[in-house]
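In: Any chance you can model this:
(chains A, B, C and D)
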2 protein chains.
Amino acid sequence: MSQVTMIARPASTAQQVHDWLHQRIIQGDLLPGARLSETEIAEQIGLSRQPVREAFIRLASDGLAEVRPQRGTYIGKISVSAVLSARLIREAVESDLAAMVAGSGADLAAMRAELDVQDQANITGDVAAFIASDDRFHCAMALAAGQAAVWNDLERLKSQMNRLRHLSMRVFDRSATIAQHRAILTALEQGDGDAAQTAVRTHLRQMLTELPQIAAAHPDYFTE
Amino acid sequence: MSQVTMIARPASTAQQVHDWLHQRIIQGDLLPGARLSETEIAEQIGLSRQPVREAFIRLASDGLAEVRPQRGTYIGKISVSAVLSARLIREAVESDLAAMVAGSGADLAAMRAELDVQDQANITGDVAAFIASDDRFHCAMALAAGQAAVWNDLERLKSQMNRLRHLSMRVFDRSATIAQHRAILTALEQGDGDAAQTAVRTHLRQMLTELPQIAAAHPDYFTE
DNA sequence: GACACTTTACTTGTATGGAAGTATGGAATA
DNA sequence: TATTCCATACTTCCATACAAGTAAAGTGTC
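Out: The predicted model follows:
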């Protein structure tokens, strides 16, 4: 925890607007291709256009929005190739992380706890809670490997995949995801690095079969 | 090539300022911890503060600058942990890419050509040219694997490592780097996936020994 | 001389006005 | 009816002015 976050100085208005829109986009509240208006949002929250504009610039840097000069700002569509490359990167990195954890004897209680949360969320049908726990499960593995910074660096890539999941989770089987998570954790607990790597790669390759189906179901939300 | 790029519309001023500063930071022209003034740069290039300010916001999103409200904007110091995690990610990803290329029979002429460029740059001592060719060598491998998008996604991480290399290349042995590149290419040409992966990992682990030395030589430029 | 306080200059943050460019709808014309 | 032209409203971009906060220099006091 850095000093900046310890000293409770409220973030700038522009930053708050950015965070607010960022979350709404990730959660699928603002849909791909939708229009964003500086003046409209500014009036909506009682600010001038400038901080809203700067929030848009940040969103564009995040790859979540597209500012077209003199035309308008739009929620970025989900790039199929971007999702595929993000998936490939995650598979490569998390496979290595799994190998590091398997031989280390690190504490895996956090991962096991998330499995219980996912079971609950699956029963109650709370999609948002399930996705959040899914994220924390993978994050816990990175922490077990002592690589918290790696997880932060993947944040940008994960955000694109999370948008996809918020579209897909209503359709696809969460039980299968839980089973895959359980396979990963079992292999880690047994200290079987090769099995853990295989389980991670199998899990993350699941998206290769899901992506075409989701893209076909929502063609307007995707590009490339 | 998309229509957008065909119609040669000049980028916005803020974007140009951002690109200019981005390049100067990566090349080590603007050193870590140095101060950036909105008004100063604005006067320097004959613009108002606003576009410069928006360029700063983009740089902060890139992780290259830090805007401290009511205090000033500074070139971000090189985070040791960020470099380490970027290195780990590159090792994992490029190892997978090497395995994909080794079995594919893809054209490797581009990689071989870069080796010649690096030999030349090593002789003439042109550090910037060497680093640029080094980048293109690795990029060529990603292209040979049919994963251009992956290389783009790693851009953010590479920029931090490139800042480091512009500090280190004046010190460290470029011939060793070339030998490592040659080992990678040889393994790929022989179709030996395992050897290629090993060569890639060995090459990228070189930084693990270089980083502490560079950080010790320039303690003011690093953090964490 | 050392210390506490005040002032002053300087920083980024926000508001507002206008400039440049785009898209849309309607009117005039063939 | 179809097409071209144009006026109008809208968008983002940039310039300017002001507000809020920080830091450092200066000043007075002990």
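In: what's downstream of the worst-scoring helix or strand of chain A on mean pLDDT, the next helix or strand?
Out: Within chain A, no helix or strand scores below helix A:3-6, which has a mean of 34 by mean pLDDT, DSSP states H and E. Tracing the chain C-terminally past helix A:3-6 and defining elements by DSSP states H and E, one meets helix A:13-26 next.
In: show me the contacts for A:Ile45.
Out: Applying C-beta atoms under 8 Å, 6 or more residues apart in numbering or on different chains, one finds that A:Ile45 lies in contact with A:Val17. C-beta here means a position set from N, CA and C on the backbone, and glycine is covered the same way.
In: distance of it from B:Ala142?
Out: The gap separating A:Ile45 from B:Ala142 is 42 Å, by C-beta to C-beta, to the nearest Å.
In: So what touches the longest helix seen in chain A?
Out: In chain A, ranked by residue count with DSSP state H as the criterion, the top helix is helix A:193-217. Helix A:193-217 has contacts (C-beta under 8 Å, 6+ apart) with A:80, A:83-84, A:87, A:90-91, A:94-95, A:98-99, A:101-103, A:161, A:164, A:167-168, A:171-172, A:176-177, A:180-181, A:183-184, A:187-188, A:222.
In: Return the members of those residues classed as buried.
Out: Among the contacts of helix A:193-217, those buried by neighbour count (16 or more other C-beta atoms under 10 Å in any protein chain shown) are A:80, A:83-84, A:87, A:90-91, A:94-95, A:98-99, A:101-102, A:161, A:164, A:167-168, A:172, A:177, A:180-181, A:183-184, A:187-188, A:222.
In: Of the residues you listed, which belong to helices?
Out: A:80, A:83-84, A:87, A:90-91, A:94-95, A:98-99, A:101-102, A:161, A:164, A:167-168, A:177, A:180-181, A:183-184, A:187-188.
In: what does chain A have sitting close to DNA strand C?
Out: Neighbours of DNA strand C within chain A, by C-beta under 7 Å from any atom of the strand: A:12-14, A:47-51, A:54, A:69-71.
In: Go again with 10 Å.
Out: A:10-17, A:38-39, A:42-43, A:45-55, A:68-72 (C-beta under 10 Å from any atom of the strand).
In: PyMOL command for the buried members of these?
Out: Per 16+ other C-beta under 10 Å, the buried members of those correspond to this PyMOL selection:
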select buried, chain A and resi 13+14+15+17+38+42+47+51+52+53+54+55
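In: and chain A, what are its domains?
Out: A:3-76, A:79-218 (automatic domain parsing).
In: Mean neighbour count, the ones you listed: which tops it?
Out: domain A:79-218 (a mean of 18; mean count of other C-beta atoms under 10 Å in any protein chain shown).
In: and that one, average pLDDT?
Out: For domain A:79-218, mean pLDDT rounds to 94.
In: Distance across that domain, terminal residue to terminal residue?
Out: 13 Å (C-alpha to C-alpha, to the nearest Å).
In: need the residues of chain A near chain B, please.
Out: A:9, A:12, A:54, A:57-58, A:61-62, A:69, A:81-82, A:84-86, A:88-89, A:91-93, A:95-96, A:147, A:149-150, A:152-154, A:156-157 (C-beta under 8 Å from any C-beta of the partner chain).
In: One more pass at 7 Å, please.
Out: A:12, A:54, A:57-58, A:61, A:69, A:81-82, A:85-86, A:88-89, A:92-93, A:95-96, A:147, A:149-150, A:153, A:157 (C-beta under 7 Å from any C-beta of the partner chain).
In: Which residues does stretch A:172-181 contact?
Out: A:115, A:118-119, A:122, A:130, A:134, A:137, A:199, A:202-203, A:206, A:210 (C-beta atoms under 7 Å, 6 or more residues apart in numbering or on different chains).
In: Confirm that A:Thr73 lies within a helix, as I assumed.
Out: No: counting by DSSP: H, G, I helix; E, B strand; the rest coil, A:Thr73 is not found in a helix; it is strand.
In: mind listing what the closest residue to it other than its chain neighbours touches?
Out: In space, and not counting its chain neighbours, A:Thr73 is closest to A:Leu36: 4.3 Å by C-beta to C-beta, 6 or more residues apart in numbering or on different chains. Shown in contact with A:Leu36 (C-beta under 7 Å, 6+ apart): A:56, A:65, A:73-75.
In: again, but for A:Arg136
Out: With the criterion set at C-beta under 7 Å, 6+ apart, A:Arg136 makes contact with A:Glu114.
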